[in-house]
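J.: Task: produce atomic coordinates for the following.
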Amino acid sequence: MFDSPIDYCPVCGQMVLLDQTHAECAREHDCAAGTPCPLQQYFTGIDFSVEQPKEKLREQGY
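T.: Predicted structure coming up:
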């Protein structure tokens, strides 16, 4: 069984999942744009809406 990493967010006052992106969490918990996030460094999710570095390497034959 796998449990997602979670932590308490003092900004929204709720437990948040850290296996998502910061932007996803901010949308889910209605954080205003530009709100400082004390958990930002702990988010592990991948934002698939932007090109990932490995895609650039694939184009070069790696």
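
J.: Let me see the ranges of the strands in this structure.
T.: For the chain, applying DSSP state E gives strands covering 6-9, 14-17.

J.: can you list these in TSV and add distance to residue 61 and mean neighbour count?
T.: Bear in mind the C-beta positions are built from the backbone N, C-alpha and C, glycine included. Below are the strands of the chain laid out as TSV (distance: least, C-beta to C-beta, whole Å; neighbours: other C-beta atoms under 10 Å):
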stretch	distance to residue 61	mean neighbour count
strand 6-9	40	13
strand 14-17	36	14
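
J.: closest one to residue 38 among those strands?
T.: strand 6-9 (7.3 Å; C-beta to C-beta).

J.: could you say what helices and strands the closest one packs with?
T.: strand 14-17 (3 or more C-beta pairs under 8 Å, 6 or more residues apart in numbering; DSSP states H and E).

J.: returning to what we had before: nearest to residue 56, out of the strands of the chain?
T.: strand 14-17 (28.7 Å).
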